[in-house]
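[1] sharing a sequence plus its predicted fold:
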Amino acid sequence: MFFDFGAGEIFGLAILAMLLVGPERLPKIAVEAAQWVKKLRGLASTATAELRENLGPGFEDLQPKDLNPKTFMKKQVADLLDEGTPKPKVNRPKAMIDPDLL
């Protein structure tokens, strides 16, 4: 879920909605809001499916949260390391501490 609502907040929002909309029109508006949410979820899953299809093989398990560049790179690097590819050896010179800095 995107929001973390408790029972008190939901109850307060329901009372506010009744005051603003009125108890007669509230059920109709709630049904319309639920239909819009259902349409938006359908559009989101369609867009995700099209994105997976257009990206090609290797992206079958792509989730929308994975589109964050940092998350995407971490996942791709982890997948490469899990495949058993050898880690490249880097010859780094040992760090020398300057005694004058101590």
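    Looks like it arrived, so ask away. Numbering: from 1, shown residues only.
[2] state the distance from the residue nearest the centre of the chain to residue 56.
    By C-alpha atoms, centre = their mean, the mean C-alpha position of the chain lies nearest to residue 65, the distance being 2.7 Å. Separation of residue 65 from residue 56 (C-beta to C-beta, to the nearest Å): 20 Å. All C-beta spots, glycine's among them, are computed from the backbone N, C-alpha and C.
[3] cool, and residue 45?
    The gap separating residue 45 from residue 56 is 19 Å, by C-beta to C-beta.
[4] repeat for residue 22
    Counting by C-beta to C-beta, the gap from residue 22 to residue 56 is 52 Å.
[5] repeat for residue 38
    To residue 56, residue 38 is 30 Å away according to C-beta to C-beta.
[6] which SSE is the residue nearest to the residue nearest to the centre of the chain when sequence neighbours are not counted in?
    Computed as C-beta to C-beta, 6 or more residues apart in numbering, the closest residue to residue 65 that is not its neighbour in sequence is residue 71, at 6.6 Å. Applying DSSP states H and E as the criterion places residue 71 in helix 69-82.
[7] what mean pLDDT does that helix have?
    If you average the pLDDT over helix 69-82, you get 78.
[8] please apply the same query to stretch 43-51.
    87.
[9] contacts for that stretch, please.
    The contact list for stretch 43-51 (C-beta atoms under 8 Å, 6 or more residues apart in numbering) reads 59, 62, 63, 64.
[10] top of those by neighbour count?
    residue 62 (16 neighbours; other C-beta atoms under 10 Å).
[11] and the gap between it and residue 56?
    11 Å.
[12] residue 52 contacts residue 60, doesn't it?
    Yes - between residue 52 and residue 60 there is a contact under C-beta atoms under 8 Å: 6.3 Å.
[13] ok, these two, which is more surrounded?
    Per other C-beta under 10 Å, whichever of residue 52 and residue 60 has more neighbours is residue 52, with 14 against 9.
[14] how distant is the helix or strand containing the more buried one from the center of its chain?
    Take DSSP H and E as the rule and residue 52 turns out to sit in helix 26-55. With C-alpha atoms, centre = their mean, to the nearest Å as the basis, helix 26-55 stands 16 Å off its chain's centre.
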